[in-house]
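Enquirer: my questions concern the predicted model and sequence given below.
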Amino acid sequence: SAVISQKPSRDICQRGTSLTIQCQVDSQVTMMFWYRQQPGQSLTLIATANQGSEATYESGFVIDKFPISRPNLTFSTLTVSNMSPEDSSIYLCSVGGQGGNEQFFGPGTRLTVL
Amino acid sequence: QKEVEQNSGPLSVPEGAIASLNCTYSDRGSQSFFWYRQYSGKSPELIMSIYSNGDKEDGRFTAQLNKASQYVSLLIRDSQPSDSATYLCAVNGGYQKVTFGTGTKLQVIP
């Protein structure tokens, strides 16, 4: 499986600010995914990021709040904009496996908004 | 809305026993099924994939799939304290869209 890294691993931010999370993969992948895992909850898909096209957002998530970039086949960023305490969560990027069905996750970014 | 349901637990089993984790899903067209293990403070780790009805064994883990009943299970034999974690059931209904259950917390008591 691909090796996935994320930066930062954790951050504490003030309300109203923005944070950009980076996801780097050691091999080229077509699709990258961004998830949110709120405390004690399961994973919720925010959006799917394809290289060379606009990200596809899931219901309840909008581009103004979670802009995503995908400049090449090994890298993506997710920005959490105008943060509020409700955005405190773990944010995870993932990529598909060679079989195309399973997903593998990065180590996650733990965000706390004060 | 596609749903994946799991008992949140905690499920407590003594060391050496068999742990049985269950999952049901709503989308009858789902084709791929996964079990992830998530240790506290860590990201999910894929431990089993299953695509066809029946059992699939990998070491101490056995995944079982029954598409007619829309039911997936994970058996962990000879449970160890290191197996204590939250186990997430996940279902792929197509286009690489994976829906996750809320997870079952497993506690293996030494």
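Expert: Happy to help now that I have it. Numbers count the residues shown, from 1 in each chain, chains lettered A, B, ... in the order given.

Enquirer: near chain A, which residues of chain B are found?
Expert: Proximity of chain B to chain A (Cβ under 8 Å from any Cβ of the partner chain) is limited to residues B:31-32, B:34, B:41-46, B:49, B:51, B:88, B:90, B:92, B:96-98, B:100-103. Using the backbone N, CA and C atoms, a C-beta is placed for each residue, glycine as well.

Enquirer: so residue B:70 touches residue B:23, yeah?
Expert: No. Judged on Cβ atoms under 8 Å, residue B:70 makes no contact with residue B:23 at a distance of 9.4 Å.

Enquirer: those two: which has the busier surroundings?
Expert: Ranked by neighbour count (other Cβ atoms under 10 Å in any protein chain shown), residue B:70 and residue B:23 place residue B:23 first, with 25 against 17.

Enquirer: work out for me the element the closest residue to that one other than its chain neighbours sits within.
Expert: In this structure, residue B:23 finds its nearest non-sequential neighbour in residue B:89, 3.4 Å apart by Cβ to Cβ, 6 or more residues apart in numbering or on different chains. Using DSSP states H and E, residue B:89 falls within strand B:85-92.

Enquirer: hmm, back to that, just the buried ones among the residues of chain B next to chain A, please.
Expert: Among the residues of chain B next to chain A, those classed as buried by 16 or more other Cβ atoms under 10 Å in any protein chain shown are B:32, B:34, B:43-44, B:46, B:49, B:88, B:90, B:92, B:96, B:98, B:100-103.

Enquirer: any idea which of these is least confident?
Expert: Minimum pLDDT for these is recorded at residue B:96 (68).

Enquirer: partner residues bridging the residue nearest in space to the middle of chain A?
Expert: When Cα atoms, centre = their mean is applied to chain A, the residue found nearest the centroid is residue A:34 (3.3 Å). Here residue A:34 sits in beta bridges with residue A:47, residue A:93, going by DSSP bridges.

Enquirer: so what's it up against?
Expert: Residues in contact with residue A:34 (Cβ atoms under 8 Å, 6 or more residues apart in numbering or on different chains) are A:23, A:45-49, A:66, A:68, A:76, A:78, A:91-94.

Enquirer: I figured residue A:102 hits residue B:35, correct?
Expert: No. Judged on Cβ under 8 Å, residue A:102 makes no contact with residue B:35 at a distance of 10.5 Å.

Enquirer: tell me the residues that contact both of those two, please.
Expert: In contact with both residue A:102 and residue B:35: residue B:46, using Cβ under 8 Å, 6+ apart.

Enquirer: the helices in chain B, which residues?
Expert: Assigned by DSSP state H, chain B shows no helices.

Enquirer: how about the strands in it?
Expert: Taking DSSP state E, the strands of chain B run over residues B:4-5, B:11-14, B:19-25, B:32-38, B:45-50, B:54-58, B:61-66, B:71-76, B:85-92, B:98-100, B:104-109.

Enquirer: who touches the shortest one?
Expert: By Cβ under 8 Å, 6+ apart, the list of residues contacting strand B:4-5 from outside reads B:23, B:24, B:25, B:26, B:89, B:90, B:91, B:99, B:100, B:101, B:102.
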